[in-house]
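Q: Pasting the sequence and the predicted coordinates here, then a few questions.
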Amino acid sequence: MSPPDAAPDDNALYLIDAMSLAYRAHYIFISRPLINSEGQNTSAAYGFTNSLLKLIEDHSIEHAAVVFDEGEEDTFRKEMYEDYKANRDPPPDELLENIPYIKEIVKGLDIPVLEVSGVEADDVIGTLATQAEADGADVVIVSPDKDFKQLLSDQVSIYKPAKGDQDFEIKTGETFRDEYGLDPAQFIDMLALMGDSSDNVPGVYGIGEKTAQKLLREHHSVETLIEKADDLSGKRAREGMQEHAEEARLSKRLVRIRTDLDVGLDWHELQRHELDKEKLTTVFQELEFDSFVDRLGLEGETGSEEETDDEDPDLEFDFGPYEKVQELDPDAVDYEVIETEDELRAFADRLGEQSRYAFDTEATSRDAMTADLVGLSFSWAARTATYVPTPLPDDTPTDAVLDVLRPALGQDTRKVGHNLKYDLLLLKRHGVDVAGTLFDTMVAHYLVAPEQNHNLGDVARGVLNYKMVPIAGLIGDDTDRESMREVDVEEAAPYACEDADIALRLADELEPQLDDGNVLEIAHDIEFPLVHVLAAMEHTGIRLDTEVLNEISAGLEERLNEIEEQVFELAGEEFNINSTQQLGEILFDKLDLPVVSKTPTGKRSTKESVLEELSTEHEIPGLVLDWRSTYKLKSTYLDALGELVHPETDRLHTSFNQTRTATGRLSSSDPNLQNIPIRTELGREIRRAFVPKEGWQLLAADYAQIELRILASMSGDEAMQETFREGGDIHTDAASRVYGIEPDEVTPDQRSKAKEVNYGIPYGISPWGLAQRMRMPVDEAQDIIKQYRQSYPGVSKLLNELVEDAQEKGYAETLLGRRRYLPDIDSSNSNERSAAERVAVNMPIQGTQADMIKIAMNRIHERLTHEDWQTR
């Protein structure tokens, strides 16, 4: 965050890097894109506009420009180095389709749009920034692009948009020096040494960020390093500078932002005046950005420019429209703080009388399994809330506070909150079990708007048009406080009370939206009860035998060394097995193996499927595959798992994520226990390290072929249903039908192929995909798929109907009504359309499976709880 002396003056020039912000916005939503009712992906326009409005709301901006790259024309860097940015894929069509809207929005906000032919936006920004700096003005560059760090100074700063409703991350000349120990101008040399894979800048082989910083602290510039290359102490740096001096010089020319262009105007001309309300209203309505219409106070716009100017003269570009955004007004709310034990007991009595209330916790960490409780806030009426610090100001200890609140929290009443799993888990660690039905506004928002962000600030802004108090004002870089424990009660109370108050208000708004979206039952019957289940699972965790892990890890380290020795002996030289470039030189240049495929940028591919194919030609590809899988197991699982064992419980406490997947499936993180392999011997060895506590047993339960059973049910296919009813082997049955033989004649190879088809068909597997997976000719794969569809006509019919339904509705849905929108289902791009069709087939099956698993988890947890079993 910005240090106090970094704030720009009112005469500052704000330069916005349009394409970087648009790219960032598009990819932030990539897993859950924003789709309007026309099936249009509006992620880039929404995210860009949100960042721009935050900037305008938080700063008094008089001079600004939004700078775009102009067209497809090659820049001078391309002329200097033909491979510059050669490995970049073209922007996705969905992003490019947003650019005209973004330009219209910028114009509607009366901010100049700049494009200079044949010149990158970076250089236009660099030139204007240098102009303004020379005139004594402050300059703010708004961009996530790291390259602009070379322009930092006492007058030039960078605002990097943060995710969600957080403030911008601010970089200044001073913060750069603190971070790197270099002058900002040396960032050019640092990039030149490191290279930049995103722009295909070569750099100096063997020199990374830390080495580059060390070298530049001692020798200041690329030119000095080249001159003194023979005297450099480190072997890698010395050889790198000796052998790659020209690459270093070229890289420095490529990464240097130009500051001397003729852009055809003076920075003083970049002024803004007043909103074009008609333009903004039209664009926002077309994109269905209703929250921005409200946020800018554009309600009731008639489209008449004359009426706009006459009726609302205050809407000049001077914060007039942004007063519509609500913020915390101490005079409009009734927030109180409990200070004594007597006050607490009286409050607990009132709390126990409520049939519904919202609550939130304040703590010292985002990790509920390590955090200390700092306080609780409660609200049962809009714009009223109470904060209970722990301990109380009269020194009533935390345990005593919780003893008083425990009866109310344990009542079977409805509890409202945002991300309640955290609060339940934190309180459970402090000895309090929260009972009753839940309404989690984070989960509710996920169900009604799965493509959007679900943190409380973003949801409040989008649903209530309310900007919450940022936590950055209480703790973090702008303060000398690291956690809420260090914040005075008087300062923490409004922030804490607001959390509970806003959660309650959100619940009232989201409940009818759940009903409108046909997901009210999913919320109350599946997702909200699941919060209790997941909190209990995370609290219990799972025991890990670290001695077993260490034993396996040591064995894998030996195995890696053995593989490397074999590879080096076969190759006749040592090289970096993890380097695709060096591996390619060995395989294709030295061993003269055939090039099976190339990457999109034209490089020879060494991906897994290529190495599998080449393994029939030479031993090295197979050994490299073995090395990669072994290395991944060791680094991803063995070495990482041990570090995540909780110091107090000696157990792993993974986080189960309820709002991250488009199909409704749960995911886990820190660590991801779902990704631990089971089908390999090494994977089974790792699972051996997960053990119960002494005297207990682990029980593993899973549905048998659940996706195929759902497929049989949804399709009504008689043949498939009969196999399941009679307890037959569905894969053997499929093989016998596909190959036209009796079940007892099916070979293991035939069953294996049929199994791939069984699981591949619901995911839209193509003949080519099956051929690759099973290493068979495409013609044979095509015949197998054709025979499969003929053998199970109900399945074939269902798959066609699912695609047709998605084309008609624009979305796929589960049996219970959970939806996933498919903007590419009618795309003219065959690859995009095919991908959407595969999702149209897969999502109803996979999503229904997810719903079923959650229902089962809820029922099991309910029995364990109500029947008071020791089982966890």
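A: Here it is on my side, so go on. No experiment lies behind these values; they were computed from the predicted model shown.
Q: Just give me how far stretch 766-776 sits from the chain centre.
A: Its chain's average C-alpha position is 32 Å from that of stretch 766-776, according to CA atoms, centre = their mean, to the nearest Å.
Q: Next, the buried residues of it.
A: 767, 769, 770, 771, 772, 774, 776 (16 or more other CB atoms under 10 Å). C-beta coordinates here come from the backbone N, C-alpha and C atoms, glycine included.
Q: And stretch 825-845, by the same measure?
A: Burial within stretch 825-845, assessed by neighbour count using 16+ other CB under 10 Å, is assigned to 825, 827, 832-833, 835-845.
Q: Stretch 742-755 now?
A: Within stretch 742-755, the residues scored as buried using 16+ other CB under 10 Å are 746, 750, 751, 753, 754, 755.
Q: was I right about the fourth one contacting residue 775?
A: No: with contact taken as CB atoms under 8 Å, residue 753 and residue 775 are classed as non-touching, separated by 10.3 Å.
Q: would you list every one of the strands in the stretch 351-500 of the chain?
A: Shown for the stretch 351-500 of the chain, the strands assigned by DSSP state E, counting those that start in this stretch span residues 356-363, 373-381, 384-389, 414-417, 438-440.
Q: re earlier: farthest-separated two in the buried residues of stretch 825-845?
A: Pairwise distances across those peak at 22.4 Å for 827 and 845 (criterion: CB to CB).
Q: who touches residue 410 in this structure?
A: 432, 433, 434, 435 (CB atoms under 8 Å, 6 or more residues apart in numbering).
Q: Tell me the one among the residues you listed nearest to residue 555.
A: Comparing the contacts of residue 410 against residue 555 with CB to CB picks out residue 433 as the nearest, at 42.9 Å.
Q: Ignoring the adjacent residues along the chain, who's closest to the closest one?
A: With sequence-adjacent residues excluded and distances taken as CB to CB, 6 or more residues apart in numbering, residue 433 is closest to residue 410, at 6.1 Å.
Q: Quick check, pLDDT for the one you found.
A: The score at residue 410 is 97. That number is its pLDDT.
Q: and what of residue 853?
A: The score at residue 853 is 94. That number is its pLDDT.
Q: quick one: it from residue 706, how far?
A: Between residue 853 and residue 706 the distance is 8 Å, computed by CB to CB, to the nearest Å.
Q: Just the ones of the buried residues of stretch 825-845 in helices?
A: Within the buried residues of stretch 825-845, membership in helices is found for 832-833, 835-845, as judged by DSSP state H.
Q: Just checking: the least confident one among those residues is which?
A: For these, the model is least confident at residue 832; its pLDDT is 69.
Q: what helix or strand is residue 25 on?
A: helix 18-28 (DSSP states H and E).
Q: so what does that helix touch, helix or strand wise?
A: Using 3 or more CB pairs under 8 Å, 6 or more residues apart in numbering; DSSP states H and E as the contact criterion, the elements in contact with helix 18-28 are helix 43-58, strand 63-68, helix 93-96, helix 99-108.
Q: Now the element after the strand or helix carrying residue 779, going C-ward?
A: In this assignment (DSSP H and E), residue 779 forms part of helix 778-791. With elements assigned by DSSP H and E, the helix or strand that comes after helix 778-791 is helix 793-809.
Q: Next step: the buried residues of stretch 766-776 restricted to helices.
A: Using DSSP H, the buried residues of stretch 766-776 in helices are 767, 769, 770, 771, 772, 774.
Q: Can you check the pLDDT for the last one?
A: Note on residue 774: pLDDT of 76.
Q: Next, the contact list for it, please.
A: Residues in contact with residue 774, defined by CB under 8 Å, 6+ apart, are 752, 753, 756, 781.
Q: change it to 6 Å
A: Applying CB atoms under 6 Å, 6 or more residues apart in numbering, we find residue 774 in contact with 753, 756.
Q: what do you get for the first one?
A: For residue 767, the residues meeting the contact criterion (CB under 6 Å, 6+ apart) are 778, 781, 782, 785.
Q: The third one too?
A: Contacts here follow CB under 6 Å, 6+ apart; on that basis residue 770 touches residue 781.
Q: Next, work out how far apart it and residue 763 are.
A: Taken as CB to CB, the spacing of residue 770 relative to residue 763 amounts to 11 Å.
Q: And residue 757, by the same measure?
A: The gap separating residue 757 from residue 763 is 11 Å, by CB to CB.
Q: Looking only at neighbour counts, state which of these two leads.
A: A direct count of neighbours by other CB atoms under 10 Å for residue 757 and residue 763 places residue 757 higher, at 23 against 14.
Q: Just confirm that one is within a helix.
A: Yes: for residue 757, which was evaluated using DSSP: H, G, I helix; E, B strand; the rest coil, the result is membership in a helix.
Q: From residue 734, how far off is it?
A: 7 Å.
Q: For residue 438, the count of nearby residues, please.
A: Neighbour count of residue 438, defined by other CB under 10 Å: 23.
Q: same deal with residue 467?
A: Burial of residue 467, expressed as a neighbour count using other CB under 10 Å, amounts to 19.
Q: didn't it look like it was pressed against residue 328?
A: No: with contact defined as CB atoms under 6 Å, residue 467 does not reach residue 328; the gap is 8.5 Å.
Q: where do the strands sit along the stretch 201-350 of the chain?
A: Using DSSP E, counting those that start in this stretch, strands in the stretch 201-350 of the chain cover 334-337.
Q: Which residue ranges of it form helices?
A: Secondary structure of the stretch 201-350 of the chain (DSSP state H, counting those that start in this stretch): helices at 209-219, 222-227, 235-243, 245-255, 277-287, 290-295, 305-311, 341-352.
Q: between the ones you listed, which gets the lowest average pLDDT?
A: Within the helices of the stretch 201-350 of the chain, the stretch with the lowest mean pLDDT is helix 305-311, showing a mean of 32.
Q: Thanks a lot, catch you later.
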